[in-house]
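Enquirer: Let's see this in three dimensions:
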Amino acid sequence: MVLERQGVISFDLISKLEFNDPLYLHPSDTSGASLITQKLKGTENYNVWSCAMKLALQTKNKLGFIDGTCVRYEYEDDEVLLGQWDRCNSVVLTWILMSLSEDVYSGQIFSKNVESVWSELKETYDKIDGSVTFNLYKKINSCSQSGQSLSDYYHKLNAMWRQFDDMIKIDDMVSANKSFQEHNQFLKLMQFLMGLVDVSDLNLTVNLPNGTVAKILQIGNLKLSDKIQLLMCWLFHNTMLV
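Expert: Prediction:
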C-alpha cells in the first residue's frame with residue numbers, strides 16, 4: 001500500500017511538470033524516433049551535425065543536458081525528480097547515439113552521461129581539418145550555375161559558404177573587424193557572380209570595400225532581365241552579405 005501510494009505521488013508530480021521544464025517528457029520523446037537525419041561521421045561533418053542536433057534539442061527544451069545547465073545534483077534532494085532527470089538523460093543520450101555513424105557509435109555505446117558524451121565528441125571532432133577545409137573551399141570555387149535556376153545556385157553556394165565560415169570560425173574574426181567583414185562579403189559576391197552562366201550587358205555594379213563602385217563588364221553569356229538583376233542583388237545583399 002505504501003509503495004502504491006508513493007507511485008501515485010510520483011506520477012502526480014511528474015504529470016504536473018510544465019512543458020517548458022527541462023525534465024518534461026512528451027510521450028513522443030520516448031518513441032525511439034531519430035531527432036535528425038544527419039549522422040556524425042567525424043571531423044568532416046561535425047559542425048553541421050552539432051548545429052542540427054543543438055537546434056533539435058532546443059525544440060525539445062533539452063539543451064541543458066549537454067551544456068551543463070541542467071545537472072543531476074540539483075535534484076538529489078527529491079527522489080522523484082532525480083529519477084525523472086535520469087530518464088531525460090537516457091532519452092537525450094539515445095537521441096545522440098542514434099545520430100552517430102557506426103564507427104563513432106561503437107565508441108560511445110557504454111557511456112552513461114549525455115553531457116560527457118557531448119563534450120567528448122566536441123573535443124574529438126570539433127577540429128579544423130586541413131584536407132576537409134581544402135576540399136570544401138575547392139567545391140566553393142568550382143561551384144557554378146550550370147543549368148540551375150538562379151535561386152538554386154545561390155542557395156547551394158550560400159550553404160557551402162556558411163559551412164566554411166563556421167568551420168574556420170569566421171564569425172569570431174569578422175565581428176571584431178568591420179573592414180575584414182566587408183572584404184569577406186565582397187569575396188562572396190565575386191564568387192557568386194563568377195559562377196553565373198552570364199551577366200553580360202547587365203550594367204551591373206558592386207560596392208567595393210574601399211568605398212568605390214565597380215562595374216561588372218562580363219562573366220559569361222546568359223542575359224538576365226533588369227527585374228531578375230535587381231532580385232539577384234537584393235537577395236544577395238539581404239541574405240548572404242548581411
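Enquirer: and L93, how many neighbours does it have?
Expert: When neighbours are defined as other Cβ atoms under 10 Å, L93 has 21 of them. In this view, the C-beta of every residue, glycine as well, is placed from N, C-alpha and C.
Enquirer: Give me the nearest residue to the residue most central in space within the chain, chain neighbours excluded.
Expert: For the chain, the residue lying nearest the average C-alpha position, counting by Cα atoms, centre = their mean, turns out to be C51 (2.8 Å). The shortest distance from C51 to any residue other than its chain neighbours is 7.2 Å, reached at D166 (Cβ to Cβ, 6 or more residues apart in numbering).
Enquirer: Show me how far the strand or helix carrying the one you found is from its chain's centre.
Expert: Assessed by DSSP states H and E, D166 sits inside helix 150-167. Shown here is helix 150-167, whose average C-alpha point lies 13 Å from the average C-alpha point of the whole chain (Cα atoms, centre = their mean, to the nearest Å).
Enquirer: Restrict it to CA atoms and write it as CSV.
Expert: Provided in CSV are the C-alpha atoms of helix 150-167 (Å, rounded to 0.1, in the frame of the first residue of the first chain):
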residue,chain,number,x,y,z
LEU,A,150,19.3,31.4,-60.0
SER,A,151,17.8,30.7,-56.6
ASP,A,152,19.0,27.1,-56.6
TYR,A,153,22.5,28.1,-57.5
TYR,A,154,22.5,30.9,-54.8
HIS,A,155,21.3,28.6,-52.0
LYS,A,156,23.8,25.8,-52.9
LEU,A,157,26.7,28.3,-52.8
ASN,A,158,25.4,30.1,-49.7
ALA,A,159,25.1,26.7,-47.8
MET,A,160,28.7,25.9,-48.6
TRP,A,161,29.9,29.4,-47.6
ARG,A,162,28.1,29.2,-44.3
GLN,A,163,29.5,25.7,-43.6
PHE,A,164,33.0,27.0,-44.4
ASP,A,165,32.6,30.1,-42.3
ASP,A,166,31.5,28.0,-39.3
MET,A,167,34.4,25.6,-39.9
